[in-house]
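Novice: using only what follows, build the 3D model:
(chains A and B, ligands or ions: 2)
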Amino acid sequence: MYKILIVEDEPEIAEVLREFLAKTGFEAFIALGGEKAIEILNSDAKIDFIILDMKMPKVSGIEVLSEMRNKNLNHPVVILTGSINEDKYVRDIKNMGYPSMKIVSKPVDLFELVVIIKNKLDLERSL
Amino acid sequence: MEENRAGEIAGLEKRLKAAEESLAKLSVAVEQTRDMVVITARNGNIEYANPSFERVSGYSKDEVFGKTPRILKSGKHGQVFYERFWNAILSGDVFKAEFIDKKKSDEFYCVEKIVTPIRDKDGSVTHFVSVDRDITGHKEMEKTKRLAGLGKLVADMAHEVNNPLMSISGNAQLCLMSVSQIPDQGIRNYLETIVRECQRAKTIVQRLLKFSHPPRGRLKETDINKTLDIVAGMLEHQFKLDNIELVRNYCQEEPLALVDEQQMQEVFINLLNNARDALPAGGSVEIATYRQDGMVRIEIKDNGCGMPEEVSARLFEPFFTTKEKGTGLGLSVCYDIVRAHKGKLQFKSRQREGTTFIILLPEAGSSADV
Ligand SMILES: Nc1ncnc2c1ncn2[C@@H]1O[C@H](COP(=O)(O)OP(=O)(O)OP(=O)(O)O)[C@@H](O)[C@H]1O
Ligand SMILES: [Mg+2]
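Specialist: Ligands and ions are numbered 1, 2, ... in the order given. Just a heads-up that it's a prediction; the model follows:
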């Protein structure tokens, strides 16, 4: 079973995502905020996929991405935003060298999100 | 005696000279002041107009002599407003108000007007002097300031609103998944409505963000005819279904302007959609382009319902809509995008005859495009 890490500082949203993914056959677990995510990423937990919120109070999504870059972690990621500054995020993420990273804005169509995740995982596997 | 005479004459000459000097000073002052000064006879016929009036209104002195200031009427004020105005000045009172007037070019301008009756020795009113200060720029500034404050507020609000929306929509989608096996279609419909309405709220927030913070993309020299063609191509099918004929009247030579093409497409889409909404029973929409005086002029003209003054006065107000499902942000977004391109967005409308929206953009390479 694929393991998905949900990085999101709002517990209500994180929980909805977790439950929905669980019902569609994934095993999902939550990092409430960027600092928690970095802690998990630095442990030896098995992670196949990351859903990453951008705007988080202490450690932001961009900071999580750059930490991953420094540690050479290449998990597939989909970005979640509250639609504010979307253009800026697209630019920042491109500048970091992820030209085709998928960005979805809240409120998200969860059925669609699952399709995005499945496609990405299939692609990874076929590589 | 002789000496007395000479002294008297010298005194008179001195006074005459002083009077001439002060008259010259006055006339130079009136000629050079930045305020528009117009003097009319009691019946309203214009007898004098200073150069500032010529500069702002676009009319030369000779064009307005003998005419009345009615040629400046913008249609932005109701009958009552003009009645109050005439009653005041005819009874000898000073009238002071903000007026919206119309230039020779049909553009509107906003003035702070003071009209003072001039009386002869017997106290009867013979003339009026009208002094207008152009405050169009101030009005724009006020709006810009308001929008800048609003921009930050909206950006913060977007985040605050989208998170609860995500939670509402997410929980509804979870329910949808849980009831996927039960036969009650009703419940599924309710839940789908919740999800759909969350998406609608998201659209509103996104449009708000756009207009309070127009993203400054890359400006590229663009053939506006091509941009219009792309948009017309996208909408043509729907227009046909709605019984609307789309007529293109492009100028021959490419109208080139420096634009963010995506934003400009959005402007055209908004205006064309508004034109379509004004034609519920079908009709025709003309898209025309012109090159004139270093500007590219784009006209989108419908022969639809037009609009009454209550609507046209509030057109560019955010959230102002007469449509059941409208956000009322379409034109606000257009206005902002066009302004960010140093252009102008204007319109003409007549009830039951139709509406024309006019976009003026500085032509690429012309001195206006800086
Ligand atoms: N071509 C037109 N003919 C007649 N009325 C118009 C036209 N264009 C705009 N309006 C009026 O101006 C109002 C505001 O337009 P605007 O595009 O800002 O919002 P909207 O069209 O109501 O909403 P939305 O753009 O979200 O669909 C409209 O509701 C309509 O009453
Ligand atoms: Mg509209």
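Novice: B:Glu253 and B:Val311, how far apart?
Specialist: 36 Å (CB to CB, to the nearest Å). Where C-beta positions appear, they are placed from N, C-alpha and C, glycine not excepted.
Novice: try B:Thr68
Specialist: With CB to CB as the criterion, B:Thr68 and B:Val311 are 29 Å apart.
Novice: where are the low-confidence patches of chain A?
Specialist: Within chain A, the segments meeting pLDDT under 70 span A:83-87, A:127.
Novice: what about A:Asn70, distance to A:Asn42?
Specialist: Taken as CB to CB, the span from A:Asn70 to A:Asn42 is 11 Å.
Novice: between these two, which has more neighbouring residues?
Specialist: Taking other CB atoms under 10 Å in any protein chain shown, A:Asn70 and A:Asn42 do not tie; A:Asn42 has more neighbours (11 against 8).
Novice: is it true that that one touches A:Lys71?
Specialist: Yes - using CB atoms under 8 Å, A:Asn42 is in contact with A:Lys71, at 7.3 Å.
Novice: which of B:Glu253 and B:Val311 has more residues huddled nearby?
Specialist: More crowded of B:Glu253 and B:Val311, by other CB under 10 Å: B:Val311, with 15 against 9.
Novice: and the more buried one, how far from ligand 1?
Specialist: 5 Å (CB to the nearest ligand atom, to the nearest Å).
Novice: pLDDT weak spots in chain B?
Specialist: In chain B, residues with pLDDT under 70: B:1-2, B:140, B:143-152, B:210-217, B:366-370.
Novice: spell out which parts of it neighbour chain A.
Specialist: B:155-156, B:158-159, B:162-163, B:165-171, B:173-174, B:177, B:195, B:198-199, B:202, B:205-206, B:209, B:215 (CB under 8 Å from any CB of the partner chain).
Novice: which of these are buried, as a ChimeraX select command?
Specialist: Selection of buried members from the residues of chain B next to chain A for ChimeraX, criterion 16 or more other CB atoms under 10 Å in any protein chain shown:
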select /B:155,158,159,162,163,165,166,167,168,169,170,171,173,174,177,195,198,202,205,206,209
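Novice: assign B:Gln346 to helix, strand or coil.
Specialist: strand (DSSP: H, G, I helix; E, B strand; the rest coil).
Novice: show me what contacts it?
Specialist: The contact partners of B:Gln346, by CB atoms under 8 Å, 6 or more residues apart in numbering or on different chains, come to B:106-108, B:357-358, B:360.
Novice: try 10 Å
Specialist: B:105-108, B:297, B:299, B:338, B:356-360 (CB atoms under 10 Å, 6 or more residues apart in numbering or on different chains).
Novice: B:Gly282: what's its closest spatial neighbour, skipping adjacent residues?
Specialist: Using CB to CB, 6 or more residues apart in numbering or on different chains and skipping the chain neighbours, the partner closest in space to B:Gly282 is B:Asn243 (2.9 Å).
Novice: which residues touch the one you found?
Specialist: B:279-284.
Novice: any idea how far B:Gly233 is from B:Glu286?
Specialist: 16 Å.
Novice: same deal with A:Ile117?
Specialist: A:Ile117 is 34 Å from B:Gly233, by CB to CB.
Novice: equivalent analysis for A:Leu17, please.
Specialist: Distance, A:Leu17 to B:Gly233, by CB to CB: 39 Å.
Novice: those two: which is more packed in?
Specialist: Counted by other CB under 10 Å, A:Leu17 and B:Gly233 do not tie: A:Leu17 has more neighbours, with 24 against 10.
Novice: which strand or helix spans the residue of chain B found nearest chain A?
Specialist: Per CB to the nearest CB, B:Gly170 is where chain B lies closest to chain A, at 3.4 Å. Element membership of B:Gly170 [criterion: DSSP states H and E] is helix B:136-178.
Novice: cool, and B:Lys76?
Specialist: Per DSSP H and E, there is no helix or strand for B:Lys76.
Novice: okay, now it: neighbour count?
Specialist: 15.
Novice: excluding its backbone neighbours, what's nearest it?
Specialist: Per CB to CB, 6+ apart, closest to B:Lys76 is B:Ile100, 4.0 Å.
Novice: ligand 2 contacts on the stretch 151-300 of chain B?
Specialist: Residues of the stretch 151-300 of chain B lying near ligand 2 by CB under 5 Å from the ion: B:Asn274.
Novice: at 8 Å what do you get?
Specialist: B:270, B:273-274, B:277 (CB under 8 Å from the ion).
Novice: contact partners for the residue nearest to B:Cys198 when sequence neighbours are not counted?
Specialist: Distance criterion CB to CB, 6+ apart; nearest residue to B:Cys198, sequence neighbours excluded, is B:Ser169 at 3.8 Å. Counting by CB under 10 Å, 6+ apart, B:Ser169 touches A:16, A:106-110, B:162, B:191, B:194-199, B:201-202.
Novice: one more pass at 8 Å, please.
Specialist: A:107-108, B:194-195, B:198-199.
Novice: B:Leu208 against B:Asp156, yeah?
Specialist: No - checked against CB under 8 Å, the pair B:Leu208 and B:Asp156 is beyond contact range at 11.8 Å.
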